[in-house]
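**Q** Fold the following.
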Amino acid sequence: MRIVKAHLQRFAIDLSGNIAIMAALSAPLILYSLGLGVDYGMMTLQQRRLQQLSDIGAIVAAADINHAAGNLVANFDENGLNIAVRTDAGYATKNGSLPLTADLEQFDAIADFTPGTYLADASVPLGSRFAAGTQPYDAVKVGITQKAELTFATAFAAAPNLRAVGTASASKLAAFSIGSRLASLNGGVLNTLLGSLLGTNLSLKVADYEALTSADIKLLPFLDMLATDLNLTAGTYDEVLATDISYPRLLKTLGKTGGLTPTVTRALDAIEKALGTSQIKVRLEDLFDLGPTGERVVGSGSKLSAEASVMDIVSAAAIAANQKKQVSANLNGPVPGLATVKLTLAIGEMPKGAASNGIGAVGATVRTAQVRLALEVSTLGINSIAGLKVRVPLYLEVAHAEARLASITCLGNGARNASVGVDVMPGVAELSLGDVDPNALVNFGSAPRVTRATLIDAPLLDVSGLAHVNLTNLSKSKLTFQPADIAAKTIKNVSTKDTLTSAMASLVKETDIQVSILGLGIGLSKTVVQSAVADTLSALTKPLDELLSNLLTLLGIKIGEADVRVTDVRCQQSVLVQ
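**A** Modelled structure (predicted):
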């Protein structure tokens with residue numbers, strides 16, 4: 001008995017072999033954990049593969065939405081996958097259609113798709129850009145569901161379903177522009193203003209300006225030619241646009257583009273000759289914004305036909321060359337009804353991407369220039385102030401007008417069959433009658449102060465005036481360009497009730513006229529003199545309206561209005577968007 005007891009005591013205190021025992025006890029748990037790790041790794045790889053299939057499936061489906069189910073089945077079959085595609089009527093398979101009640105165990109996975117529209121706008125939350133079921137369809141969301149493949153975990157758990165979703169949309173681009181088209185022209189005014197911007201004297205005729213406005217050029221071939229003329233080694237269009245070139249070189253290359261009439265080429269040649277050896281510089285990116293097309297290699301071109309008016313380029317380049325500068329000119333003679341006209345013009349700095357001609361997707365924006373204009377005109381009074389010189393100083397500030405691509409809707413049956421929506425905000429303007437310090441015009445960081453101006457300064461009569469009209473009721477308007485509008489390059493106009501003519505009339509009507517004679521307050525004669533001054537100002541409404549219209553039109557601006565056109569649109573190959 002003592003021997004047995006001793007053996008038991010020795011066994012109880014003997015530690016040898018404990019690790020082996022613990023290892024034996026822990027082995028199932030270790031193997032279980034390893035099995036879960038293997039299954040998790042396999043599920044991760046399966047999920048990744050499923051995501052790739054749904055992404056590719058979305059691109060395939062978006063390429064031809066009307067035949068999305070058949071194209072998905074064919075794509076899966078080409079990749080050696082037996083996947084059924086759910087439709088409203090049942091399941092599409094490589095062997096034909098099956099009803100919704102069919103047994104689906106034979107398939108590797110089940111796919112479904114949802115057509116809709118996609119708004120590629122960075123200002124819209126990512127999850128809200130796809131609108132399921134909204135027509136006309138231009139995007140597809142494809143989901144694939146597959147049971148997970150488990151090796152070890154099947155002994156104690158059912159395999160979960162894995163799902164991946166991809167969304168693709170047709171890549172959509174449009175070429176569009178904003179500006180102001182020439183209407184009622186005064187060649188003398190246009191020559192003086194354009195000549196002042198370029199530092200020369202011009203003598204073009206109204207017919208020349210009309211021809212320049214009517215002529216369009218294709219932007220990318222023009223840039224190809226310009227890169228060749230300048231011997232540029234830049235690889236992309238964006239690199240060409242970043243180049244500073246001389247204004248005469250720009251005109252020379254414009255004149256060599258195809259399809260221009262003799263009148264247009266003669267007008268361009270006349271401007272170039274008038275410039276002489278001038279090396280006034282302009283940066284092309286201030287004229288054009290090519291969006292994603294700018295990343296293309298020079299010479300590769302694009303199927304997108306982006307076009308611009310020759311007059312747009314001529315005037316926009318002159319404006320761009322005078323950013324943050326002040327230009328003065330005398331317009332005496334060209335404007336009937338006005339004895340003298342002195343002009344002072346200041347042009348604001350153009351922010352990057354503020355070109356008036358652009359190519360882009362939804363969200364792309366084109367803008368006009370921001371300008372300040374001080375005019376001092378004179379005329380002879382009428383009625384009781386007949387024969388007296390009436391001085392009328394005007395100050396006009398116009399913020400840029402803006403057009404933003406709001407939507408591009410692909411209608412199917414061709415890459416060009418699409419409609420384009422453009423949100424347009426006309427340039428907000430302030431129009432004042434009063435004196436302003438010309439030296440303050442170029443400082444766009446603050447507004448110049450407009451003060452009461454002397455209208456008549458005669459030995460026995462002093463008349464002053466002050467008025468202000470603020471066009472604050474401008475609101476965003478939506479223009480829609482259908483395929484026929486785009487094909488015809490139709491110009492559409494946004495106009496508010498406060499156009500230039502009504503603004504001038506309001507300014508004259510609201511002018512606060514103060515009169516004094518011999519330094520004393522006017523008694524009974526005050527009303528008569530005020531009435532005569534008011535009549536004189538009213539008679540100036542039409543000539544001033546014509547003058548401002550011509551000046552602003554050359555600058556691509558209309559007060560309370562904007563002209564927009566879309567020259568081309570493309571629904572290109574589908575791309576993954578989510």
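**Q** Can you classify L100 by secondary structure?
**A** coil (DSSP: H, G, I helix; E, B strand; the rest coil).
**Q** tell me the contacts of it?
**A** By C-beta atoms under 8 Å, 6 or more residues apart in numbering, L100 lies in contact with 89-91. All C-beta atoms are positioned from the backbone trio N, CA, C, and that covers glycine.
**Q** change it to 7 Å
**A** Applying C-beta atoms under 7 Å, 6 or more residues apart in numbering, we find L100 in contact with G90.
**Q** in its sheet, what does whichever strand or helix holds S169 sit against?
**A** Counting by DSSP states H and E, the element that carries S169 is strand 161-179. Partners of strand 161-179 in the sheet, by DSSP bridges, are strand 139-147 (antiparallel), strand 357-360 (antiparallel), strand 561-576 (antiparallel).
**Q** How far away from the center of its chain is that strand?
**A** With C-alpha atoms, centre = their mean, to the nearest Å as the basis, strand 161-179 stands 17 Å off its chain's centre.
**Q** buried residues in whatever helix or strand K478 lives in?
**A** K478 is located in strand 477-481, with elements delineated by DSSP H and E. For strand 477-481, burial by neighbour count (16 or more other C-beta atoms under 10 Å) applies to 477, 479, 481.
**Q** and the helix or strand following that strand, C-alpha only, in CSV?
**A** Going down the chain from strand 477-481, the next helix or strand is helix 483-487, by DSSP H and E. Extracted in CSV, the C-alpha atoms of helix 483-487 (Å, rounded to 0.1, in the frame of the first residue of the first chain):
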residue,chain,number,x,y,z
PRO,A,483,-30.3,67.5,-80.5
ALA,A,484,-31.7,69.7,-83.3
ASP,A,485,-30.6,72.8,-81.5
ILE,A,486,-27.1,71.4,-81.0
ALA,A,487,-26.8,70.3,-84.7
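**Q** How far does helix 483-487 sit from its chain's centre?
**A** With C-alpha atoms, centre = their mean, you get 19 Å for helix 483-487.
**Q** With stretch 413-428 instead?
**A** Taking mean C-alpha positions (C-alpha atoms, centre = their mean), stretch 413-428 and its chain are 10 Å apart.
**Q** And for stretch 548-560?
**A** 21 Å.
**Q** picking that back up, out of the strands paired with strand 161-179, indicate the one that is most buried.
**A** strand 357-360 (a mean of 25; mean count of other C-beta atoms under 10 Å).
**Q** For that one, give me every contacting residue.
**A** 173, 175-177, 219, 287-291, 293, 304, 306, 308, 312, 364, 366, 405.
**Q** Run a quick check on G294 versus G235, I expect a contact.
**A** No - at 11.3 Å, G294 does not count as touching G235 under the criterion of C-beta atoms under 7 Å.
**Q** who's more crowded, these two?
**A** G294 (19 against 13; other C-beta atoms under 10 Å).
**Q** Select the helix or strand of this protein having the lowest average pLDDT value.
**A** strand 520-521 (a mean of 48; mean pLDDT, DSSP states H and E).
**Q** ranges for the strands of the stretch 251-400 of the chain?
**A** 281-283, 288-289, 307-309, 326-330, 340-347, 357-360, 365-367, 371-380, 389-398 (DSSP state E, counting those that start in this stretch).
**Q** Please name the bridge partners of L396.
**A** Residues in beta-bridge contact with L396 (DSSP bridges): L373, L431.
**Q** Repeat that for G421.
**A** Beta-bridge partners, per DSSP bridges, of G421: S407, T480.
**Q** just the buried residues of strand 477-481 now: which is nearest Q370?
**A** Using C-beta to C-beta, S477 comes nearest to Q370 of those, at 19.9 Å.
**Q** That closest one and V564: what is the separation?
**A** 10 Å (C-beta to C-beta, to the nearest Å).
**Q** got any residues that touch both of these two?
**A** By C-beta under 7 Å, 6+ apart, the residues touching both S477 and V564 are V424.
**Q** can you list the domains in the chain?
**A** 17-159, 173-576 (automatic domain parsing).
**Q** T134 versus the nearest residue to F444 once chain neighbours are set aside, what's the distance?
**A** Leaving aside its sequence neighbours, F444 sits nearest to G348 (C-beta to C-beta, 6 or more residues apart in numbering; 4.7 Å). G348 sits 40 Å away from T134, going by C-beta to C-beta.
**Q** Pretty sure S477 sits against V424.
**A** Yes - counting by C-beta under 7 Å, V424 is a contact partner of S477 at 5.2 Å.
**Q** Enumerate every residue touching the residue nearest the centre of the chain.
**A** Nearest residue to the geometric centre of the chain (C-alpha atoms, centre = their mean): T365, 1.3 Å. Going by C-beta under 7 Å, 6+ apart, T365 touches 402-404.
**Q** Check I313 too.
**A** Applying C-beta under 7 Å, 6+ apart, the residues contacting I313 are 254, 287.
**Q** Next, give phi and psi for T454.
**A** Note on T454: backbone dihedrals following degrees, to the nearest 10 are phi -80, psi 120.
**Q** give me the beta-bridge partners of the closest residue to it other than its chain neighbours?
**A** Nearest in space to T454, with sequence neighbours left out and distances taken as C-beta to C-beta, 6+ apart, is S464 at 5.3 Å. Beta bridges link S464 to T454, Q514, judged by DSSP bridges.
**Q** Closest to L250 out of the contacts of T365?
**A** Nearest member of these to L250, counting by C-beta to C-beta, is A403, at 23.9 Å.
**Q** Show me what the host helix or strand of that closest one is packed against.
**A** If you go by DSSP H and E, A403 is part of strand 402-410. Identification of packing neighbours for strand 402-410 by 3 or more C-beta pairs under 7 Å, 6 or more residues apart in numbering; DSSP states H and E yields strand 161-179, strand 365-367, strand 418-425, strand 561-576.
**Q** CSV please, covering those strands and showing mean pLDDT.
**A** Output for these, formatted as CSV (pLDDT from 0 to 100):
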stretch, mean pLDDT
strand 161-179, 86
strand 365-367, 89
strand 418-425, 90
strand 561-576, 82
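**Q** so which of the ones you listed gets nearest L373?
**A** Using C-beta to C-beta, those put strand 561-576 closest to L373, at 16.2 Å.
**Q** Specify the angle between that closest one and strand 402-410 in degrees.
**A** 40 degrees (axes from the mean of the first three to the mean of the last three C-alpha atoms, to 10 degrees).
**Q** What sits closest to Q51 if chain neighbours are left out?
**A** A164 (4.1 Å).
**Q** State the distance from that neighbour to G179.
**A** In terms of C-beta to C-beta, A164 sits 47 Å off from G179.
**Q** One more: N322?
**A** On the measure of C-beta to C-beta, N322 and G179 end up 17 Å apart.
**Q** go on, I271?
**A** 19 Å.
**Q** ok, now T236?
**A** 26 Å.
**Q** ok, these two, which is more surrounded?
**A** G179 (28 against 16).
**Q** if I read this right, that one contacts S356, doesn't it?
**A** Yes - in this structure, G179 is within contact of S356 by C-beta under 7 Å, at 5.5 Å.
**Q** any common contacting residues for the two?
**A** Common neighbours of G179 and S356 (C-beta under 7 Å, 6+ apart) are 312, 368, 556.
**Q** on that earlier part again, write a PyMOL command that selects only the buried members of the contacts of T365.
**A** Buried residues within these, by 16+ other C-beta under 10 Å, are selected in PyMOL with:
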select buried, resi 402+403+404
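**Q** Pull stretch 370-386 out as CSV, backbone CA atoms only.
**A** Taking Å, rounded to 0.1, in the frame of the first residue of the first chain, the C-alpha atoms of stretch 370-386 are listed here in CSV:
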residue,chain,number,x,y,z
GLN,A,370,-15.8,91.3,-65.2
VAL,A,371,-15.6,95.0,-66.2
ARG,A,372,-16.0,98.5,-65.0
LEU,A,373,-16.9,101.3,-67.4
ALA,A,374,-16.8,105.0,-66.8
LEU,A,375,-18.3,107.2,-69.6
GLU,A,376,-18.4,111.0,-69.7
VAL,A,377,-20.7,112.2,-72.5
SER,A,378,-21.9,115.6,-73.4
THR,A,379,-24.8,117.0,-75.4
LEU,A,380,-26.7,120.3,-75.9
GLY,A,381,-29.7,121.0,-73.6
ILE,A,382,-33.2,121.5,-74.9
ASN,A,383,-36.2,123.7,-73.9
SER,A,384,-35.2,126.4,-71.3
ILE,A,385,-31.6,125.2,-71.3
ALA,A,386,-31.2,125.1,-75.1
